[in-house]
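1. Coordinates only, no sequence provided:
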Ligand code: C2E
Ligand code: CA
Ligand code: CA
């Protein structure tokens with residue numbers, strides 16, 4: 001609790017209780033006190049010198065000599081003390097001189113008043129009053145010296161007749177005088193000190209104000225954050241050094257009067273003011289400002305309103321976040337864009353698609369999704385290396401970007417898959433036309449080092465609201481359309497149609513499960529023996545694919561026939577089959593088992609595999625299986641497909657390397673007999689549908705006979721498939737058929753059963 005001025009004073013003397021405070025009070029008044037004392041002592045010396053004249057009236061009486069001597073003492077002590085006072089540097093020193101003066105002066109004047117004159121009586125009362133009122137000593141010294149002076153005066157005046165008739169009256173008068181004077185001194189002390197204390201407090205408050213103002217000013221100027229003080233109308237009042245440094249020049253040099261000029265978007269200032277008016281302060285207000293050199297920076301403003309001289313002002317701090325924003329932008333780009341092509345990635349595509357659909361729904365407009373898959377990307381990667389692949393992807397991205405408008409999205413979903421989101425005014429028909437333009441554009445040759453690359457693509461198109469409204473479903477539609485485009489022979493665009501879904505979904509699910517089965521090694525070759533009719537010996541086996549399905553047990557190809565017609569799956573199954581067959585043959589040979597020649601089936605789709613024959617030969621070579629151990633079975637349809645030229649080259653390669661070629665299912669296809677001459681076919685397999693009712697159906701018998709004769713005349717071996725009965729065997733042998741294959745001899749068996757089967761046959 002703060003002490004009031006009167007509480008800090010002694011209750012009787014009216015002086016400060018705290019000695020240091022009292023000392024400070026006296027010290028501050030010291031020059032004044034000394035001047036006052038010098039005047040007092042000088043007056044005493046002068047007046048008492050003049051009193052010599054008055055003392056002359058005692059001339060001739062014994063008191064005359066006492067008076068002259070006492071008067072001299074009074075004058076001398078006044079002069080002496082005047083001298084010591086003029087040398088005094090502190091209140092205590094001055095007080096010592098004064099008390100000394102009071103006592104010696106009092107003693108001398110006591111001698112003087114022994115004259116008992118009327119004047120003497122006046123002095124008896126006057127001198128203590130002077131001590132109390134005119135001599136500035138501490139209260140206790142005022143009291144002691146005043147009282148001592150009074151005693152000395154009374155004694156001097158009344159001597160020798162101490163107990164006279166007036167003694168009591170006189171003493172009481174002097175005592176009364178002393179008390180009255182003490183009260184006056186105490187009151188004066190009190191008044192002086194309270195006044196001093198309050199001026200002191202006022203001065204300190206003023207000093208503090210000045211100090212805090214100076215501190216604020218220093219802080220404002222030196223704080224390293226740019227600060228700007230403006231009036232409500234934008235007039236700039238003050239800025240700190242950091243602001244000058246930040247903006248690159250002071251407002252004066254720039255000649256700017258209003259803060260409005262630094263806002264790049266002038267309406268931002270209005271918004272900032274609105275925020276300030278609402279809450280009295282605004283934090284993290286983001287805007288863009290211009291600097292002296294013309295550069296543009298993103299900043300956060302924090303502002304508060306304050307009153308200066310009764311006028312509302314705004315003080316704003318400026319924090320530059322340009323770099324932070326750029327870093328945020330960079331990390332956003334890294335997370336949302338593909339590094340190779342700088343196109344939006346799958347994540348960003350998905351959010352854009354969601355947005356686009358929401359907007360289309362709201363505006364009642366349509367959007368199309370165009371899904372693009374490069375057809376030949378894998379082979380570019382495989383044959384020319386990843387750099388070439390990357391160059392192709394970059395070029396494709398560039399071309400896609402060039403074809404669409406800025407408002408559309410082109411994204412890379414990964415690998416060689418791109419997607420476009422195109423909005424109004426593009427309708428579904430336009431989307432098809434756009435897809436055609438994309439195909440044409442991608443087909444343009446790209447020169448990469450010494451090679452010329454070109455990208456063919458398959459495109460699937462789906463659109464909102466024609467097909468679906470949910471992002472995932474629409475994407476699936478486009479995916480199915482893309483799948484259809486691939487199935488229809490690639491290098492084309494297909495628009496999704498709802499009936500596509502079921503069929504393709506089934507195929508897609510087969511594809512997924514086949515891939516999975518291949519990964520898990522569930523698809524394996526089973527072997528069915530081929531028998532030489534002349535010797536009844538096993539001359540080889542046909543490898544037939546079987547799927548060890550985890551739930552459905554052992555499945556024959558009928559359950560996954562579509563897989564053989566799918567370009568990618570048939571290649572995958574074919575690759576797996578030839579590797580397993582080669583391994584099985586190798587293992588039999590190692591065991592000294594002669595398994596004869598093993599035939600593997602090749603579907604038309606498998607001929608899309610670039611370098612098919614070379615790959616097969618490589619597999620045999622790697623497994624250490626002689627080429628003569630292999631035969632390939634093809635159907636007539638391979639000659640009819642678009643890849644007939646590949647087929648010719650591949651068959652020649654097989655044939656030249658010692659691999660036999662059998663024409664499977666003969667008689668069911670549409671092959672012309674010309675093919676038999678054109679292609680290096682070694683064997684003909686009569687389709688089992690003709691063998692089936694051989695004994696009873698004369699047509700079948702006639703066909704079988706014709707085929708056997710054809711084979712014989714062309715110098716080819718003829719194999720009858722699907723032989724189930726001894727009758728059939730007899731017929732075939734009689735007609736000159738070389739070989740047979742069928743359940744009559746053995747149903748297809750697992751590789752591990754082959755050795756035992758062979759040993760039984762030869763036994
Ligand atoms: P395919 O090449 O005509 O194979 C002969 C088919 O006749 C086999 O059917 C075989 O099990 C069956 N078969 C053999 N003897 C008899 C018999 O006495 N009676 C009856 N009713 N059937 C008999 P599978 O194994 O179901 O194969 C069907 C077709 O799947 C094959 O016909 C072939 O075109 C294809 N295929 C099988 N494995 C592969 C393969 O690895 N690659 C390719 N591309 N196609 C394969
Ligand atoms: Ca076959
Ligand atoms: Ca067949």
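-> All right, it came through fine. Nothing here was measured: the structure is a model prediction, and the numbers come from that model. Ligands and ions are numbered 1, 2, ... in the order given.
2. So which bits of the chain are right by ligand 2?
-> 601, 633, 664 (C-beta under 5 Å from the ion). C-beta coordinates here come from the backbone N, C-alpha and C atoms, glycine included.
3. looking at those, which has the most residues close by?
-> residue 664 (24 neighbours; other C-beta atoms under 10 Å).
4. For ligand 1, tell me whether the helix or strand containing that one is touching it.
-> Per DSSP states H and E, residue 664 falls inside strand 660-666. Yes. Residues of strand 660-666 are located near ligand 1 by C-beta under 6 Å from any ligand atom, namely 664-665.
5. quick one on the thing from earlier: CSV for the residues of the chain next to ligand 2, including distance to residue 584?
-> Shown next, in CSV, are the residues of the chain next to ligand 2 (distance: C-beta to C-beta, whole Å):
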residue, distance to residue 584
601, 15
633, 17
664, 21
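6. Next one: the residue nearest to the spatial centre of the chain from residue 583, what distance?
-> Among the residues of the chain, the one closest to the centroid is residue 328, at 5.8 Å (C-alpha atoms, centre = their mean). Going from residue 328 to residue 583 by C-beta to C-beta, to the nearest Å gives 56 Å.
7. buried set for whichever strand or helix holds the residue nearest to the centre of the chain?
-> Here residue 328 is covered by helix 322-336, with elements defined by DSSP H and E. For helix 322-336, burial by neighbour count (16 or more other C-beta atoms under 10 Å) applies to residue 336.
8. do stretch 249-265 as well
-> 251, 254, 256, 259-263.
9. So which bits of the chain are right by ligand 3?
-> Going by C-beta under 5 Å from the ion, the residues of the chain near ligand 3 are 664-665, 721.
10. Low-confidence regions, the stretch 301-450 of the chain specifically.
-> 425-427 (pLDDT under 70).
11. ok, which stretches of it are helices?
-> 322-336, 346-363, 377-384, 386-403, 428-443 (DSSP state H, counting those that start in this stretch).
12. how about those helices in CSV, adding distance to residue 32?
-> Below are those laid out as CSV (distance: least, C-beta to C-beta, whole Å):
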stretch, distance to residue 32
helix 322-336, 66
helix 346-363, 86
helix 377-384, 105
helix 386-403, 93
helix 428-443, 103
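13. Ramachandran angles for residue 544?
-> phi -120, psi 130 (degrees, to the nearest 10).
14. Over to residue 686?
-> phi -80, psi 130.
15. what's the spacing between the residue in the stretch 351-500 of the chain positioned nearest to ligand 1 and residue 511?
-> The stretch 351-500 of the chain approaches ligand 1 most closely through residue 487 (17.0 Å), counting by C-beta to the nearest ligand atom. Separation of residue 487 from residue 511 (C-beta to C-beta) stands at 10 Å.
16. who touches both of those two?
-> The contact sets of residue 487 and residue 511 overlap at residue 566 (C-beta atoms under 8 Å, 6 or more residues apart in numbering).
17. just to revisit the earlier point, for residue 481, state which of the buried residues of stretch 249-265 is nearest.
-> Distance to residue 481 across these (C-beta to C-beta) is lowest for residue 263, with 50.8 Å.
18. tell me the contacts of that closest one?
-> Contacts here follow C-beta under 8 Å, 6+ apart; on that basis residue 263 touches 269, 287-290.
19. Kindly report the same for residue 422.
-> Residue 422 neighbours (C-beta under 8 Å, 6+ apart): 367-368, 370, 404-405, 408, 431, 434.
20. hey, what's it bridged with?
-> Following DSSP bridges, residue 422 is listed with bridge partners residue 368.
21. Do you have the strands of the stretch 501-650 of the chain handy? List them.
-> For the stretch 501-650 of the chain, the strands defined by DSSP state E, counting those that start in this stretch occupy 523-532, 537-549, 553-555, 597-601, 630-635.
22. Can you tell me what sits against the second one?
-> Going back to what we said before, that points to strand 537-549. 517, 522-532, 554-557, 559-560, 573, 577, 581, 595-601, 631, 633, 739, 741, 748, 754, 757-758, 761-762.
23. can you pull the buried residues of that strand?
-> So, applying 16+ other C-beta under 10 Å, buried residues of strand 537-549: 538-547.
24. And the next helix or strand past the helix or strand that contains residue 200?
-> Secondary structure assignment for residue 200, by DSSP H and E: helix 167-222. As assigned by DSSP H and E, the chain's next helix or strand after helix 167-222 is strand 227-231.
25. and residue 393, how many neighbours does it have?
-> Neighbour tally, residue 393, other C-beta under 10 Å: 23.
26. now do the one 4 residues further on
-> Applying other C-beta under 10 Å, we find 19 residues neighbouring residue 397.
27. Then residue 637?
-> By the measure other C-beta under 10 Å, the count of residues near residue 637 is 15.
28. Which pLDDT does the model give it?
-> Here, the pLDDT recorded for residue 637 equals 84.
29. Residue 87 too?
-> On the pLDDT scale, residue 87 gets 93.
30. From ligand 2, how far out is it?
-> Distance, residue 87 to ligand 2, using C-beta to the ion, to the nearest Å: 140 Å.
31. and if you look at residue 695?
-> Counting by C-beta to the ion, the gap from residue 695 to ligand 2 is 23 Å.
32. Also residue 706?
-> Residue 706 is 21 Å from ligand 2, by C-beta to the ion.
33. can I assume that residue sits in a helix?
-> Yes. Residue 706: assigned to a helix according to DSSP: H, G, I helix; E, B strand; the rest coil.
34. Pull up the gap between it and ligand 1, please.
-> 19 Å (C-beta to the nearest ligand atom, to the nearest Å).
35. in stretch 284-301, what counts as buried?
-> Residues 285, 287, 289, 292, 297-299, 301 are the ones in stretch 284-301 that count as buried (16+ other C-beta under 10 Å).
36. from the residues you listed, which is closest to ligand 3?
-> residue 298 (73.9 Å; C-beta to the ion).
37. May I have the secondary structure class of that closest one?
-> strand.
38. Let me see the contact set for it.
-> 286-288, 320-322, 325.
39. And residue 430, by the same measure?
-> Here residue 430 is in contact with residue 368 (criterion: C-beta under 8 Å, 6+ apart).
40. Could you measure from it over to residue 58?
-> Using C-beta to C-beta, residue 430 is found at 143 Å from residue 58.
41. Could you do residue 88 as well?
-> Taking C-beta to C-beta, one finds residue 88 at 36 Å from residue 58.
42. So which of the two has more stuff around it?
-> Using other C-beta under 10 Å, the more surrounded residue of residue 88 and residue 58 is residue 88, with 20 against 17.
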